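Participant: The following comprises the amino acid sequence and a computationally predicted model.
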Amino acid sequence: MRILKPSDIPATEITPREVYLKRRQFLAGMAALAAAPALSAPAPPAHGARLAGIQASRFSTSEAKTPFDAVTTYNNFYEFGTGKSDPAENAHTLKTRPWAVAVEGAVKRARVYDIDELLKLAPLEERIYRLRCVEGWSMVIPWVGFPLAALIRHVEPTGNAKFVEFVTLHDPRQMPLQRSSVLDWPYVEGLRIDEANHPLTLLAVGLYGEVLPKQNGAPLRLVVPWKYGFKSAKSIVKIHFVEKAPLTTWMKAAPNEYGFYSNVNPQVDHPRWSQAKERRIGEFFKRETLMFNGYADQVARLYRGMDLRTYF
Ligand code: MTE
């Protein structure tokens, strides 16, 4: 695109000074009007449709849940901005119906699922999980979803399926920050096949009994509670079974800071900060971060014999 220099603009297109000043007054008035609601209390986060027939899960923690308002207004979803409140403010441009999810690669029954078919694939469960973000904060979220293992059973992976790649929608018209290069789009994450098949690994379609809000990754996101939050790819359109470990978005962005495994581990610091403690959103004092985010009894066996400093 060519940028005009002042000398390129014909004299006939230069606005007379008084018209220009009147227009400025008008624009200032408009800006004041637009800013007015910001002076009163911010609008409470919108609630979505209720999901029916949700079963409780034995995998839920009994810890206090982070309030709905915090879960839905303090987010990381770089496609809509890098600030914590940006996703809640901007994700309304995302269109979540119709929505197709391609399940492909090293499987016997590759196919494209409509999101509403996926919702009927397995009984929906409420799973109250801790979510630990690599930045040092945590939440307790009542997700609604079904085990990824239920979908994996349907598509029958072949012996070559050693890893699973998860790909987010790539559409800069709906996701404005995909026009920038803050990350290499689309957002890609990955799991080893045994991690993907682990009963704790969830495909979430809701939270707090409601359809997943857009800022939380509607209509379908991954939740892997023993790993840092960035592993849980949002707004998934492709689940790809592959032979080699996928190169994830954060590994591309900073390979010395983000490894493939990204298991929550208080003994392995991020190169720029400690991971020993975390702040639970809504609490004042920090708490100790637990190995595998408190899920060691269920998942430590997956990593037996591995040096978790090398495979961070
Ligand atoms: N998925 C996509 N597509 N884009 C993102 O920027 N951020 C990740 C993860 N999934 C992200 C994403 C990070 S860093 C975290 S901590 C979690 O989403 C945050 O999920 P939440 O906003 O629902 O708490």
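Facilitator: Looks like it came in fine. Numbering: from 1, shown residues only.
Participant: Shouldn't residue 126 be within a helix?
Facilitator: No. Applying DSSP: H, G, I helix; E, B strand; the rest coil, one finds residue 126 to be strand, outside a helix.
Participant: what sits opposite it in the beta ladder?
Facilitator: Beta bridges link residue 126 to residue 56, residue 144 when assigned by DSSP bridges.
Participant: list the contacts for it?
Facilitator: Contact partners of residue 126, counting by Cβ atoms under 8 Å, 6 or more residues apart in numbering, are 54-57, 60, 142-144, 209. C-beta: built from backbone N, CA, C; applies to glycine.
Participant: could you redo these as a markdown table and give each row pLDDT and distance to residue 110?
Facilitator: Below are these laid out as a markdown table (pLDDT from 0 to 100; distance: Cβ to Cβ, whole Å):
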| residue | pLDDT | distance to residue 110 |
| --- | --- | --- |
| 54 | 98 | 29 |
| 55 | 97 | 29 |
| 56 | 96 | 33 |
| 57 | 97 | 29 |
| 60 | 98 | 33 |
| 142 | 98 | 33 |
| 143 | 98 | 27 |
| 144 | 98 | 27 |
| 209 | 98 | 33 |
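Participant: Can you select the buried ones among the residues you listed for me in ChimeraX?
Facilitator: In ChimeraX syntax, the buried subset of these is picked out as below (16 or more other Cβ atoms under 10 Å):
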select :54,57,60,142,143,144,209
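Participant: how about the closest residue to the ligand within the stretch 151-300 of the chain, what does it touch?
Facilitator: Using Cβ to the nearest ligand atom, the single residue of the stretch 151-300 of the chain nearest to the ligand is residue 229, 2.7 Å away. Taking Cβ under 8 Å, 6+ apart, we find residue 229 in contact with 76, 131-134.
Participant: out of the residues you listed, which touch the ligand?
Facilitator: Intersecting the contacts of residue 229 with the contacts of the ligand gives 76, 131, 133 (criterion: Cβ under 6 Å from any ligand atom).
Participant: Sort out which of those are in strands and list them.
Facilitator: residue 131 (DSSP state E).
Participant: Of the ones next to the ligand among the contacts of residue 229 - the most surrounded one?
Facilitator: Among those, residue 131 has the most neighbours (other Cβ atoms under 10 Å), with 22 neighbours.
Participant: Out of the contacts of residue 229, flag the one nearest to residue 156.
Facilitator: Closest approach between the contacts of residue 229 and residue 156, by Cβ to Cβ: residue 131, at 30.7 Å.
Participant: Pretty sure residue 141 is one of the things the closest one touches, is it not?
Facilitator: Yes. With contacts counted by Cβ atoms under 8 Å, residue 131 reaches residue 141, the gap being 5.6 Å.
Participant: Only C-alpha atoms, please: export stretch 296-308 in PDB.
Facilitator: Taking Å, rounded to 0.1, in the frame of the first residue of the first chain, the C-alpha atoms of stretch 296-308 are listed here in PDB:
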ATOM      1  CA  ALA A 296       0.800 -36.400  40.200                       C
ATOM      2  CA  ASP A 297      -1.000 -39.500  41.500                       C
ATOM      3  CA  GLN A 298      -2.800 -39.800  38.200                       C
ATOM      4  CA  VAL A 299      -0.100 -38.700  35.700                       C
ATOM      5  CA  ALA A 300       3.400 -39.100  37.100                       C
ATOM      6  CA  ARG A 301       3.600 -42.700  35.600                       C
ATOM      7  CA  LEU A 302       3.500 -41.200  32.100                       C
ATOM      8  CA  TYR A 303       6.900 -39.700  32.600                       C
ATOM      9  CA  ARG A 304       8.700 -42.400  34.500                       C
ATOM     10  CA  GLY A 305      12.400 -42.500  33.600                       C
ATOM     11  CA  MET A 306      12.300 -39.100  31.900                       C
ATOM     12  CA  ASP A 307      14.500 -36.200  33.000                       C
ATOM     13  CA  LEU A 308      11.900 -33.500  33.400                       C
END
